[in-house]
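[1] Here's my sequence, what's the structure:
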Amino acid sequence: MEFLSCMLYLCLSLTIIQAFHTIAKRSKSIPKNLPPGPKPFPIIGNLLELGDKPHKSLAKISMTNGPLMSLKLGQITTVVISSVTMAKEVLQTHDQLLSTRSIPDAIRAH
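    Next up, the predicted model:
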């Protein structure tokens, strides 16, 4: 019986170590060509920073990170543009790059 409990603890601790290693590896594999943004939490990203009024939270975050910033919403990396001039520049200059971006399922449902 003692042998089984030792094996259970060993398997459990190895699983926890592997999970932390996987999370750390994923957080370091963020592409380097993204605009600056707040540091995301593992798994949930920056969802907690948005709060109950996301438009006010995004305006506050843009004061520190500028009009072009990146956020992780769960596991999805999102680029946020918070000024009209930056939006015009990005949409007119880089329109070919943005035409192949993926559309989230939540938007397709409507």
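[2] Outline the domain layout of the protein.
    Listed by automatic domain parsing, the domain ranges of the chain are 1-30, 31-101.
[3] Under a three-state scheme, what state does residue 100 occupy?
    coil (DSSP: H, G, I helix; E, B strand; the rest coil).
[4] How much space separates it from residue 71?
    Residue 100 sits 21 Å away from residue 71, going by C-beta to C-beta, to the nearest Å. Yep, even glycine has a C-beta here, placed from its N, CA and C like the rest.
[5] Compare the two (neighbour count), which wins?
    Using other C-beta atoms under 10 Å as the criterion, residue 100 and residue 71 rank with residue 71 on top: 22 against 6.
[6] before we move on, back to that, out of the domains of the chain, the one nearest residue 107 is which?
    Among the domains of the chain, domain 31-101 comes nearest to residue 107, with 11.4 Å by C-beta to C-beta.
[7] For residue 8, grab phi and psi.
    Torsion angles at residue 8 (phi, psi; degrees, to the nearest 10) stand at phi -60, psi -50.
[8] neighbours around the residue lying closest to residue 74 once chain neighbours are set aside, how many?
    In space, and not counting its chain neighbours, residue 74 is closest to residue 45: 5.5 Å by C-beta to C-beta, 6 or more residues apart in numbering. As a burial measure, residue 45 scores 22 neighbours (other C-beta under 10 Å).
[9] hang on, isn't residue 45 packed against residue 38?
    No: Residue 45 is beyond contact range of residue 38, at 9.6 Å (criterion: C-beta atoms under 8 Å).
[10] The residue minimising distance to the centre of the chain bridge partners, please.
    The centroid of the chain falls nearest to residue 72 when counting by C-alpha atoms, centre = their mean (1.5 Å). Listed by DSSP bridges, the beta-bridge partners for residue 72 are residue 77.
[11] What residues does it make contact with?
    Contacts for residue 72 (C-beta atoms under 8 Å, 6 or more residues apart in numbering) come out as 40, 45, 46, 78.
[12] coming back round to it: what bridges to the residue nearest to residue 74?
    Counting by DSSP bridges, the residues bridging with residue 45 are residue 41, residue 73.
[13] ok, it to residue 70 distance?
    10 Å.
[14] To which secondary structure element type does residue 43 belong?
    Quick answer, by three-state DSSP: residue 43 is coil.
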